[in-house]
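Chemist: What shape does this take:
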Amino acid sequence: RRVLNNQSTHGKERSGAIVGADREQGRWASKSALSFKQPGDRVRINIPGEYSSLTFMCWVKIYSLDREWNSLYLTDHYQVGECHWQIMRDGRLMFSTKIRDNPDHERKIYHAHIPNFSPSFWKPELRGKWVNLAVRLDVENQVVTHFFNGQPLSVHPSEKIFELTTTR
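Modeler: Just a heads-up that it's a prediction; the model follows:
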């Protein structure tokens, strides 16, 4: 009941552990979904390896954005090279990559991560409706793109991510 089975060809080694969240009716009648209501609700999953590009995508039904940071994907320790994907209280998507453990005052880099914010997608009429959110980190073209319902919401050239992560 607390296992989120991996349906891909990679098999069970990448199945997730459901913590606190409850199952409910999903986006489609034949599919279930997870309901995350408490701050500690989550799915723990191990995704080993290093990747040159990535895409995160999910269907979500949002009832409120009552916290400043509403997580979609977080790592346990946010180490150099790891990323976070969140929804801000005002409906902006935020994707960030940790580029160093400490600020570099000599190079005037005061943040240990590079955040990429989309414009707000949130409107009150979306409350309780399914929407599709995605973010793509395209390393080859050095671009982060946020998507809302399959359409690009914002595009961010991110040469700083690539410049600084290669000099760590």
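
Chemist: State the distance from residue 145 to residue 113.
Modeler: 18 Å (Cβ to Cβ, to the nearest Å). For every residue, glycine as well, the C-beta is placed using N, CA and C.

Chemist: Does residue 59 touch residue 132 like I think?
Modeler: Yes. In this structure, residue 59 is within contact of residue 132 by Cβ atoms under 8 Å, at 5.6 Å.

Chemist: Which stretches in this structure count as strands?
Modeler: Taking DSSP state E to define them, one finds strands in the chain at 3-4, 16-19, 22-25, 32-35, 42-44, 54-61, 69-73, 83-88, 92-98, 113-120, 130-138, 143-148, 151-157.

Chemist: Can you tell me which residue sits nearest the middle of the protein?
Modeler: Geometric centre of the chain, nearest residue: residue 85, 2.7 Å, by Cα atoms, centre = their mean.

Chemist: quick one: low-confidence ranges for the protein?
Modeler: For the chain, the stretches with pLDDT under 70 are 9-13, 100-112, 159-168.

Chemist: let's see 90
Modeler: The chain contains residues with pLDDT under 90 at 1-17, 31, 37-40, 45-54, 66-67, 73-84, 96-115, 138-142, 157-168.

Chemist: Run through the residues that contact residue 27.
Modeler: 33, 59, 61, 130 (Cβ atoms under 8 Å, 6 or more residues apart in numbering).

Chemist: Any quick ChimeraX command for the buried ones out of the residues you listed?
Modeler: Typed into ChimeraX, the line below selects the buried ones among the contacts of residue 27, using 16 or more other Cβ atoms under 10 Å:
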select :33,61
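
Chemist: would you turn the contacts of residue 27 into TSV with distance to residue 49?
Modeler: Listed next are these as TSV, based on distance: Cβ to Cβ, whole Å:
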residue	distance to residue 49
33	27
59	25
61	31
130	31
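
Chemist: Go through the contacts of residue 27 and say which is closest to residue 98.
Modeler: Distance to residue 98 across those (Cβ to Cβ) is lowest for residue 59, with 26.9 Å.

Chemist: Who are the contact partners of that closest one?
Modeler: 26, 27, 33, 130, 131, 132.

Chemist: try residue 85
Modeler: Residue 85 neighbours (Cβ under 8 Å, 6+ apart): 56, 71, 72, 73, 74, 93, 94, 95, 135.

Chemist: From those residues, list just the buried residues.
Modeler: 72, 73, 93, 94, 95, 135.

Chemist: Just put these in a markdown table and tack on distance to residue 152.
Modeler: As requested, the buried ones among the contacts of residue 85 are exported to a markdown table (distance: Cβ to Cβ, whole Å):
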| residue | distance to residue 152 |
| --- | --- |
| 72 | 17 |
| 73 | 19 |
| 93 | 12 |
| 94 | 16 |
| 95 | 13 |
| 135 | 11 |
